[in-house]
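Participant: what's the 3D shape of this:
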Amino acid sequence: MWLSDRRAFLFSALAIAGCGFTPVYGPGGGGSRLQDAVLVDVPSDRDAYLLTQQLDHRLGRADTPRYGLSYALTVGEERMAITANNITTRFNVVGSATYALRDLDSGAVLTSGTVDSFTGYGADDTTVATLSAGRDARSRLMIILADQITTRLLAYAPDLPA
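Facilitator: Numbering: from 1, shown residues only. Here you go, the predicted structure:
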């Protein structure tokens, strides 16, 4: 086992605590500043809906929002595996999301950035199976992008105004 020695684990924990590490959702962490305080823009299509759904799941749905989160999605497909007969057997779904967290009172942009990732799916013999696999790949991609946005927002959270 990698950390089978308890002394090594204890030493690691003390070293992390000594460098100023604070758990995001722990006492003094910045995660509580974003929890149930972010209003995500209204989705315009299925991909945006799935992204918004995951962001709401991770950050909580805001009853009285303090921050607004805007986003722009770009999603495309690439042919990855092609047979000698020019039949595609594997696709990659590539996507990126540009986001901006803003203060709803002042309208000032507090942080922004871009995240990107990809997922893949195989083209089956039937059209229905291929379409279903493609929709599932897009769903997985939106979860990945939302999780990346959430991670970046939580990393920035300690710098948010109290």
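
Participant: So, low pLDDT: which residues of this protein?
Facilitator: Within the chain, the ranges that satisfy pLDDT under 70 run 1-21, 25, 162.

Participant: Could you rerun that using 80?
Facilitator: 1-31, 125, 161-162 (pLDDT under 80).

Participant: Do a quick rundown of the helices in it.
Facilitator: For the chain, the helices defined by DSSP state H occupy 6-18, 31-34, 46-59, 127-156.

Participant: will you turn the ones you listed into a markdown table that also has mean neighbour count and distance to Gly107?
Facilitator: For glycine as for every other residue, the C-beta is placed from the backbone atoms N, C-alpha and C. A markdown table is the format used below for those (neighbours: other Cβ atoms under 10 Å; distance: least, Cβ to Cβ, whole Å):
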| stretch | mean neighbour count | distance to Gly107 |
| --- | --- | --- |
| helix 6-18 | 10 | 38 |
| helix 31-34 | 18 | 18 |
| helix 46-59 | 19 | 20 |
| helix 127-156 | 18 | 18 |
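
Participant: can I get the ones you listed in TSV with distance to Thr119?
Facilitator: Formatted as TSV, the helices of the chain follow (distance: least, Cβ to Cβ, whole Å):
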stretch	distance to Thr119
helix 6-18	32
helix 31-34	26
helix 46-59	12
helix 127-156	5
